[in-house]
Structure formats: C-alpha cells, structure tokens
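Colleague: turn this into a structure:
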Amino acid sequence: MITFRLDPHSGLSPYQQIVRQVRQAVRLGTLRAGDQLPTVREVVAHLAINPNTVQKAYRELEREGVVGGRPGVGTFVIASIPGPSPSSRAALDRAIQRWLRSAFEAGFDRDGVVAVFEANLQDLAREGVA
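Modeller: Residues are numbered from 1 along each chain as shown. Now for the predicted structure:
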C-alpha cells in the first residue's frame, strides 16, 4: 500500500501531490491493478489534512480511469500507466543514480539537481522529445 508524503515546498497543492504520487506508483509498478489505496480516513489521520482534499484527489484519479471506488469497500487501482520494461527501467535507474552522484559531487544540492533536471526536461520538450 502506498504511503503519501506532502512536501510544503513543492509548489503543488496537497491534492495534486497525492494524484502525482498515485500516478507515479502506478507507472513504476509499485501499485498494480487490484491494489487498494489507503482510505480517506487513513490518509487524513496520517497527513492531518482535510478529507475533501483526499476525496478530490481520488475523484480526479477516477476521472482519469486510474482508480475506481467500490462503495463501502474502498478505492482500488484499475488501470496501469505505460512505462518502460523492467530491464529498461533498471538500466535507466542505474544511469540516473550515476548522474545524481556526479551532480552532488559537483556541488549541487537537491534543489539545484531538480532545477537542472527540469531545465533539461523543458529543453527536450521544446525539441519535441518529451
């Protein structure tokens, strides 16, 4: 089961962070079809946020077709999000970890690494790659 974490410095609202975390978990295979999400009550107790925030996130994921609610039972993953094969993913993970180590050794902090990554991602988007 997924455990949500909120980052007050992310620039995203709590509901957007929950949606993003579920999408990422499904895309990476951490959550699979049939897996249950934490109940609204569990998320509220863990994160100390308004239940409407969690419900809004779950509704958005339902509209996207990623999860589905079963009245009285809970919310379950119903679809996968395409991603790389496990072997491709493992190779990419190793390459990313090497790059991250180099960036930290070069003196970047976490925010600097994120800034460099996002700038490069935007460059690729402009080229039509991403």
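Colleague: look up phi and psi at Gln36.
Modeller: phi -90, psi 140 (degrees, to the nearest 10).
Colleague: element containing the residue positioned nearest the centre of the chain?
Modeller: Central residue check for the chain by CA atoms, centre = their mean: the C-alpha nearest the mean position is that of Gln21, 2.6 Å away. Secondary structure assigned from DSSP states H and E places Gln21 in helix 14-27.
Colleague: neighbouring contacts of that helix?
Modeller: When contacts are defined by CB atoms under 8 Å, 6 or more residues apart in numbering, helix 14-27 is touched by residues 2, 4-7, 10, 12, 30-32, 37, 43, 47, 49, 53-54, 56-58, 60-61, 66-67, 77, 79-83. C-beta: built from backbone N, CA, C; applies to glycine.
Colleague: and the next helix-or-strand element following it, what does it pack onto?
Modeller: Using DSSP H and E, the helix or strand that follows helix 14-27 in sequence is helix 40-47. Under the contact criterion of 3 or more CB pairs under 8 Å, 6 or more residues apart in numbering; DSSP states H and E, helix 40-47 touches helix 51-64.
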